[in-house]
Every structure is written in C-alpha cells, then in structure tokens.
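Novice: No sequence on hand, only this structure:
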C-alpha cells in the first residue's frame, strides 16, 4: 500500500523537473529568438514614418503603404510558410526566415545611405519591407510549430502565449529604442541593429532539436484550412486594427499635437500587453476563449476611443495602455481554438492561416489609416480602430449564435 502511494509522487516530481528543463532548454531560446526578430519590426516601425515623411518628403499614404507592405507580404506567404514548415520542418522554415530578415536589414541600410535620392530610397524601403514580411512569416510559423512540436500540444497555449509576449514586447521596445538611436546617431544605426539582431536570433535556436516532418501526409488545401479558422481569424484581424493604428501613426499624432511622450505610448502599449499576459495567461483556459475575447474587445474599444478623443498626451498614452490590455489575450484565446480544428500534421498550415489574418489586418490598416488621416486627422484613425474592434465582437457573437 505504501509503495502504491509513493510511486505517483515520485513520477510527478520527475515530470515537474522535466517540464522545467523543457521550458529552459526549448521554450526560452525560441522565445528570445522571436523577441530579437520582433525587435527588428519595432525598430522599423519606430523610425520609418518619420524617415519617409521628414527625410524623404513623402506623404501619409506613402507611409501607410510602405508600413503595410510588410504585413501584406507576410499574408501572401503564410501558405508557403506553412507548407515549408509541414514538409521540410519547422527549423528550416525558421532559419530561412532569419536569413531573409538579415537581407532586409542590408536593404534598410542602403536606403538610409540613399537619402539624397528619395525615389531610390523609397524603392529600397519597399523591397526591404516585402522581404522583411516574408522572413517574419516563415520565422514565426516555424517558431510556433517548433515549440508545440517539442513541448507537446498540451502546452500549445503556453507556447502561443509566450510567443505573443515576445512578439509585442519586441515591437513595443524596438520602436522607442530606434527613435532614441536615430536621435543620437542617425538613421543608419537603427537599420544596422536589424542585421545584428537577425544573427542573434539564429544563434539562439541553432542547437534546438529538429522535428521530423511528414512530407507524405495528404495535405488539406490551404483555402480549406482558412475556412476552418475563418471566424477566429476575422475576429483577430478586426481586433488587430487598433494595434496597427498605434504602431503606424501614434508618433505622428503626438508630433501633430506637439505632445511629448510618443515613445511612452509605445512602451505603455507593450508593457500593459505583457503584464496582462503574465498575470492572466490562464484565463482563456479557465473561463473560455469566447468570454475572454469579448471582454478583451470591449477594453480595446475604450482604449481606442480614449486616443481618438484625447485632449492631452497623457490621455492618449492611457488609451495606448488600455489597447494593450484589451488586445493582449486575443491571439491565444482564439488561436488555441483554431489549431484544434486540424490534425497535428497540418498544425503549421493552420497556424499560418490563422496568423495570416493578423497580417491582413496590418496590411490593410496602414493604407486605410493613412487615407483617414489625410481626409480628417490623426485622431480619426483611432475612431476607426474602435469600430474595427466592435466588428470583432459582432463576428464572434454571430459565430457563437450560428453554432447553437
């Protein structure tokens, strides 16, 4: 009787130790690798709007298109990234993505040196944004599939949550860092940092185990996978508009209003986004993805409206913080539901399809927000962000009603 009672305790202890080792040896290198790459995205988002407008003398539409091209490129290559991940392996996809981001960094540097030739510089930026987007698509699809494959599907929520923290922390910290570097040393230093960070990302995952891919598995067409995750993806897309508006135009809003603290807006979005995930990461599993998403959308709407009707920089910063809180749990809440709709062999494609809606949102939001700013003003962009989050509520509500 005594042996029967003590055996489960010993096994449980071993499992806990093994889990901790897995987190240290597998998850953390992947997370820091993703963080390094999304720092490069934050760096580009922080300096490109000002560089295009002030140094190259182009307008808001050019800013929106250039910023949005990265997400559009990622969107259009999600199917390819999923196919590479499922057939050649997550590590191959991940490392090819890192290489492309390194190449994008070299093109950014070339654009920085071409400031005396505005059309040439803008052309180089456009090419670099496309390559940056393809690289991001392959890297993040590979990283998510790699992490879930090594740690098990039972830890998929944890993998997605921590990947999300790395992604938005990188963007939130990269933007103010790049603005500071540009003010201190010029535009070349932020662009050079992109190439350095891509190398760091590669080194961090170099020793992780390879997951064997099943190339013989009968693959579901990508459009059918998209259909399986359509409602979750659309809700993610509409809720991502607010983040895209902050990333693309918050610095220009502060400059237009002569407010100080644009970098603090980025930091508050990222800081509250991360804190929400750290303290409430279990909520999608505990209360259900639907409830968590609905509350998240509501908080995001309040944040966007606060920016849209702000009368001071501090009011806008508070809106950024609330947007970060609201948007924080949307991806894992809807994403865990999405990957359960496909077989494990198609997980990379499902994650690619689901993530494509985020790319679609960023790709559309930049040009649309640029047009809105041109027709009205910068604050109107965030009214658009609030309406988009409201649309996400309606989509998810309709989806739940149709399944009753």
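Specialist: Good, I have the coordinates. Computed from a predicted model, the values in this text were never measured in an experiment. Numbering: from 1, shown residues only.

Novice: Only C-alpha atoms from now on, for both contacts and neighbour counts.
Specialist: Will do.

Novice: Find the centremost residue of the chain, please.
Specialist: Against the mean C-alpha coordinate of the chain, by CA atoms, centre = their mean, the closest residue is residue 167 at 5.1 Å.

Novice: Model confidence for that residue, exactly?
Specialist: At residue 167, the pLDDT value in this model is 81.

Novice: Check whether it really touches residue 38, as I assumed.
Specialist: Yes - applying CA atoms under 8 Å, one finds residue 167 in contact with residue 38, separated by 5.3 Å.

Novice: quick one on the thing from earlier: let me know the helix or strand that the residue nearest to the centre of the chain is in.
Specialist: helix 156-185 (DSSP states H and E).

Novice: same for that helix, what does it pack against?
Specialist: Where contact means 3 or more CA pairs under 8 Å, 6 or more residues apart in numbering; DSSP states H and E, helix 156-185 is packed against helix 28-50, helix 118-151, helix 188-205, helix 262-280, helix 330-339.

Novice: Include mean pLDDT and mean neighbour count when you put the ones you listed into JSON lines, please.
Specialist: Output for the helices and strands packed on helix 156-185, formatted as JSON lines (pLDDT from 0 to 100; neighbours: other CA atoms under 10 Å):
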{"stretch": "helix 28-50", "mean pLDDT": "88", "mean neighbour count": "26"}
{"stretch": "helix 118-151", "mean pLDDT": "89", "mean neighbour count": "24"}
{"stretch": "helix 188-205", "mean pLDDT": "92", "mean neighbour count": "20"}
{"stretch": "helix 262-280", "mean pLDDT": "85", "mean neighbour count": "21"}
{"stretch": "helix 330-339", "mean pLDDT": "77", "mean neighbour count": "24"}
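
Novice: Nearest to residue 85 among these would be which one?
Specialist: helix 118-151 (5.8 Å; CA to CA).

Novice: what angle do that closest one and helix 28-50 make?
Specialist: Taking axes from the mean of the first three to the mean of the last three CA atoms, to 10 degrees, one finds helix 118-151 and helix 28-50 inclined to each other by 160 degrees.

Novice: Check the offset of helix 118-151 from the chain's centre.
Specialist: Averaging C-alpha positions (CA atoms, centre = their mean, to the nearest Å) puts helix 118-151 11 Å from its chain's average.

Novice: can you state the direction angle for it and helix 156-185?
Specialist: Going by the same axes, to 10 degrees, helix 118-151 makes 150 degrees with helix 156-185.

Novice: Residue numbering should commence at 442 henceforth.
Specialist: Okay, using 442 as the starting number, the last item reads as helix 559-592.

Novice: what's the angle between helix 559-592 and helix 629-646?
Specialist: Between helix 559-592 and helix 629-646, the angle comes out at 20 degrees (the same axes, to 10 degrees).

Novice: who does helix 559-592 touch, helix- and strand-wise?
Specialist: helix 469-491, helix 501-517, helix 519-528, helix 531-554, helix 597-626, helix 788-816.

Novice: For the fifth one, could you pull out the residues that count as buried?
Specialist: Within helix 597-626, the residues that qualify as buried by neighbour count (16 or more other CA atoms under 10 Å) are 597-623.

Novice: What of the fourth one?
Specialist: Going by neighbour count (16+ other CA under 10 Å), the buried part of helix 531-554 is 531-553.

Novice: do the same with the last one
Specialist: By 16+ other CA under 10 Å, the buried positions in helix 788-816 come out as 788-814.

Novice: likewise the shortest one?
Specialist: Residues 519-528 are the ones in helix 519-528 that count as buried (16+ other CA under 10 Å).

Novice: now for it, which elements pack on it?
Specialist: So helix 519-528, by 3+ CA pairs under 8 Å, 6+ apart, packs with helix 531-554, helix 559-592, helix 788-816.

Novice: Tell me which of those helices lies nearest to residue 744.
Specialist: Between the helices and strands packed on helix 519-528, helix 788-816 lies closest to residue 744; by CA to CA that is 16.9 Å.

Novice: Tell me which of the helices and strands packed on helix 597-626 lies nearest to residue 676.
Specialist: Here helix 771-780 is closest among those (CA to CA), at 8.4 Å.

Novice: That closest one packs against which elements?
Specialist: Short answer (3+ CA pairs under 8 Å, 6+ apart): helix 771-780 packs on helix 597-626, helix 671-698, helix 724-728, helix 730-749, helix 788-816.

Novice: And the fourth one, what does it pack against?
Specialist: Read that as helix 730-749. helix 671-698, helix 724-728, helix 754-769, helix 771-780, helix 821-843.

Novice: what ranges of the stretch 742-845 of the chain fall below the confidence cut-off?
Specialist: Applying pLDDT under 70 to the stretch 742-845 of the chain flags the ranges 780-789, 842-845.

Novice: Format the helices and strands packed on helix 559-592 as a markdown table; extra columns: distance to residue 686.
Specialist: Rendered in a markdown table, the data for those read as follows (distance: least, CA to CA, whole Å):
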| stretch | distance to residue 686 |
| --- | --- |
| helix 469-491 | 11 |
| helix 501-517 | 10 |
| helix 519-528 | 22 |
| helix 531-554 | 22 |
| helix 597-626 | 13 |
| helix 788-816 | 7 |
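
Novice: Which among those helices is found nearest to residue 680?
Specialist: Among the helices and strands packed on helix 559-592, helix 788-816 sits nearest to residue 680 (CA to CA), with 8.4 Å.

Novice: Could you check the angle that closest one makes with helix 501-517?
Specialist: Using the same axes, to 10 degrees: helix 788-816 against helix 501-517 is 170 degrees.

Novice: could you check the angle helix 519-528 makes with helix 788-816?
Specialist: Using the same axes, to 10 degrees: helix 788-816 against helix 519-528 is 160 degrees.

Novice: other SSEs contacting helix 788-816?
Specialist: helix 501-517, helix 519-528, helix 559-592, helix 663-669, helix 671-698, helix 771-780, helix 821-843.
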